[in-house]
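3D model of this:
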Amino acid sequence: MKDMPQKLNEVYGLKHPRIGDSIPRGYSAQNYPVQDGNDFFFLKGYAPRRDVVRIKEIHSAEQFFAERDIPAIVAIPTRNMDSIFEHHDRYWSLYPFVSAFHIESPLTLPTIRHANDMGHTLATLHQAGAFAPKNITTKRIESKQKNVFLSDARALHEKILEKSSLSNLDTEMLAFLTKKLELVQAASHDTFNFGIRFDHLIHGDLHHLNIFFDAEESVSHVFDFERVMVGDRIADLLYTIFLSFLDTAVIDDENFQCIKSFLNGYQKNYPLTHAELEDRLHWFYWNEIVMMLWIETNYYLRNETRSNEYLPHRKRRLEIYIK
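Predicted coordinates for the structure are as follows:
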């Protein structure tokens, strides 16, 4: 990062940029605060797997929503009126620095007021997304298939058993994978006939850690559109509910009061039916809890260890929803 200040001068015209300590946020991303005189910025280095086409899709979505009363944080244009630049084999973007309240821990439950305005904001985003040009992104929401999951899960299962000796982590991974295999094998193919639609541009990752709040506990800014895609608004809504309100260390009445407040905020803007919600709950259980293999795939096929920290959380989630 020693030569990044010079690069920021060339690309954005910043006079005396100073790079702060890395902000530990985002899987495989590199993020830094930047100060240039009295001006503050957020420097985002995209994960190496992000190609320039996908990053420009993300920026197009940010711009689309920002122009339709969604408080999306938009990348600052370069001197060449681009939104990205390349430096040391990674793509980067510069964003405005936002000074507002931000929930730092995924285990911290938002307030009732936070939850209500999160629902209102997501509904407004979905209303806009219903009319988004379909060429903004080619990414579509994934609905996993039983046969594909079984093939991938069995391959991972064999990969683990090929080891001459199993560590404690291997044993834990194997038990987790075996449980998921048992659940999917026992389910009929009709179980996986989901009614998922592809009729909205959705955020894909709008939980409380990707939101800034103002002093009145209303949403002031929305960020991190890296999972933006064409998909189902109710599936997107459920993703917000599970990550924002059901991933705390303890689940009690306060969690469900937040969910109620969130749904009230959403319903006032963009109503949905009980039948729609129930159908997508069925999809979420199988697609996002049972048939999720990214931790095992990263560790055993890509030799990436960072996602291992999510294993206890994923195991706990599966145990809760089996009960």
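
make it CA atoms for all contacts and neighbour counts henceforth
Will do.

show me what contacts Thr240?
By CA atoms under 8 Å, 6 or more residues apart in numbering, the contact set of Thr240 is 205-208.

again, only this time at 10 Å
118-119, 122, 203-208, 234, 246, 259, 262 (CA atoms under 10 Å, 6 or more residues apart in numbering).

narrow those to those in helices?
Those of the contacts of Thr240 mapping onto helices are 118-119, 122, 234, 259, 262, per DSSP state H.

secondary structure element for the residue nearest to Ser261 when sequence neighbours are not counted, which one?
The spatially closest residue to Ser261, leaving aside those adjacent along the chain, is Asn116, at 4.8 Å (CA to CA, 6 or more residues apart in numbering). If you go by DSSP states H and E, Asn116 is part of helix 112-129.

now Glu10
Assigned by DSSP H and E, Glu10 falls in helix 4-12.

who are the packing partners of the helix or strand that that helix is followed by?
As assigned by DSSP H and E, the chain's next helix or strand after helix 4-12 is strand 17-19. Secondary-structure packing of strand 17-19 (3 or more CA pairs under 10 Å, 6 or more residues apart in numbering; DSSP states H and E): helix 4-12, strand 30-36, strand 39-45.

and strand 17-19, how far out from the chain's middle?
Centroid separation for strand 17-19 versus its chain: 28 Å, with CA atoms, centre = their mean, to the nearest Å.

mind listing what's buried along it?
By neighbour count on 16 or more other CA atoms under 10 Å, the buried set for strand 17-19 is 17-19.

one step back: how far is the helix holding Glu10 from where the chain is centred?
With CA atoms, centre = their mean as the basis, helix 4-12 stands 29 Å off its chain's centre.

and that helix, what does it pack against?
Secondary-structure packing of helix 4-12 (3+ CA pairs under 10 Å, 6+ apart): strand 17-19, strand 30-36, strand 85-86.

ok, and what's touching the first one?
Counting by CA under 10 Å, 6+ apart, the neighbours of strand 17-19 from elsewhere in the structure are 1-2, 4-9, 32-37, 39-43.

if you set the cut-off to 6 Å instead, what comes out?
Around strand 17-19, the neighbours that count as contacts under CA atoms under 6 Å, 6 or more residues apart in numbering are 5, 34-36.

sheet partners, orientation included, of it?
Partners of strand 17-19 in the sheet, by DSSP bridges, are strand 30-36 (antiparallel).

mean confidence for the partner strand?
For strand 30-36, mean pLDDT is 96.

when you give positions from now on, start the count at 492
I'll keep to 492 as the first residue from here, and by that count the last item is strand 521-527.

and it, how far from the chain's centre?
On the basis of CA atoms, centre = their mean, strand 521-527 sits 22 Å off its chain's mean C-alpha point.

how about stretch 722-738?
The chain centre lies 10 Å from the centre of stretch 722-738; the measure is CA atoms, centre = their mean.

buried stuff in that stretch?
Residues of stretch 722-738 classed as buried by neighbour count (16+ other CA under 10 Å): 722-732, 734-738.

how about stretch 560-573?
561-567, 569.

got any ranges where the stretch 692-814 of the chain has weak pLDDT?
Nowhere does the stretch 692-814 of the chain drop to pLDDT under 70.

and if you look at the stretch 492-641 of the chain?
Along the stretch 492-641 of the chain, the model assigns pLDDT under 70 to residues 516-519.

quick one: which helix or strand includes His804?
helix 802-813.

buried residues in that helix?
802, 805-806, 808-809.

quick one: it to chain centroid distance?
Relative to the mean C-alpha coordinate of its chain, helix 802-813 is positioned 18 Å out (CA atoms, centre = their mean).

using PDB, list the CA coordinates for it.
Extracted C-alpha coordinates of helix 802-813, given in PDB (Å, rounded to 0.1, in the frame of the first residue of the first chain):
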ATOM      1  CA  LEU A 802     -18.700 -23.100  10.700                       C
ATOM      2  CA  PRO A 803     -20.000 -22.900  14.300                       C
ATOM      3  CA  HIS A 804     -22.500 -20.300  13.200                       C
ATOM      4  CA  ARG A 805     -23.700 -22.500  10.300                       C
ATOM      5  CA  LYS A 806     -23.900 -25.600  12.500                       C
ATOM      6  CA  ARG A 807     -26.000 -23.700  15.000                       C
ATOM      7  CA  ARG A 808     -28.300 -22.400  12.400                       C
ATOM      8  CA  LEU A 809     -29.000 -25.900  11.000                       C
ATOM      9  CA  GLU A 810     -29.600 -27.200  14.500                       C
ATOM     10  CA  ILE A 811     -32.100 -24.500  15.300                       C
ATOM     11  CA  TYR A 812     -34.100 -24.900  12.100                       C
ATOM     12  CA  ILE A 813     -34.200 -28.700  12.300                       C
END
